[in-house]
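Q: Need a 3D model of the sequence below.
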Amino acid sequence: MTGSTVFNVVIALVIGIIVWKISLTLIRMLSTPPPPIDPEDVVMADQDYRCTVCGAELTMRMVNVLEDRPPRHCREDMTPVWRPTQSGI
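A: Numbering: from 1, shown residues only. The predicted structure is shown next:
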């Protein structure tokens, strides 16, 4: 083996080890489940939201009190929609 062949093998091994380590780190991150949600942090709600991009609508019946941001759709925050209550029906 010549000097350049040994150098190429060493570089290939270093690159392989780096790719292996990054792959294992990403797989570990993806396989770790999110922390459980405390049932006391979830409350009843009745809030409608509309996507400003495509017009899709969503009604949130239960919300997490620790999450204060509106839901996202089309990569944008949805806007709250006010609907009058229907009394007497």
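Q: Walk me through the domains of the protein.
A: Using automatic domain parsing, the domains assigned to the chain come out as 1-32, 39-81.
Q: any idea which of these is most buried?
A: domain 39-81 (a mean of 12; mean count of other C-beta atoms under 10 Å). Glycine gets a C-beta too; all of them are placed from N, C-alpha and C.
Q: Start and end of it, how far apart?
A: This stretch, domain 39-81, spans 26 Å end to end (C-alpha to C-alpha, to the nearest Å).
Q: now the helices: where do they sit in this protein?
A: 3-31 (DSSP state H).
Q: so where's it uncertain?
A: For the chain, the stretches flagged by pLDDT under 70 are 1, 86-89.
Q: Dump stretch 20-34 to CSV, restricted to CA.
A: Once non-C-alpha atoms are left out, stretch 20-34 reads as follows in CSV (Å, rounded to 0.1, in the frame of the first residue of the first chain):
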residue,chain,number,x,y,z
TRP,A,20,-22.0,6.8,12.8
LYS,A,21,-21.9,9.0,15.9
ILE,A,22,-24.2,11.6,14.4
SER,A,23,-26.7,8.9,13.3
LEU,A,24,-26.8,7.3,16.7
THR,A,25,-27.3,10.7,18.4
LEU,A,26,-30.2,11.5,16.0
ILE,A,27,-31.8,8.1,16.5
ARG,A,28,-31.6,8.4,20.3
MET,A,29,-33.2,11.9,20.1
LEU,A,30,-36.0,10.6,17.9
SER,A,31,-36.6,7.5,20.0
THR,A,32,-36.9,9.4,23.4
PRO,A,33,-40.6,9.9,24.2
PRO,A,34,-41.8,13.3,25.3
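Q: quick one: that stretch to chain centroid distance?
A: Stretch 20-34 has its C-alpha centroid displaced from the chain centroid by 15 Å (C-alpha atoms, centre = their mean, to the nearest Å).
Q: ok, now stretch 76-89?
A: On C-alpha atoms, centre = their mean, the centre of stretch 76-89 falls 26 Å from the chain's centre.
Q: which outside residues touch that stretch?
A: Contacts to stretch 76-89, defined as C-beta atoms under 8 Å, 6 or more residues apart in numbering, come from residues 47-53, 57-58, 69-72.
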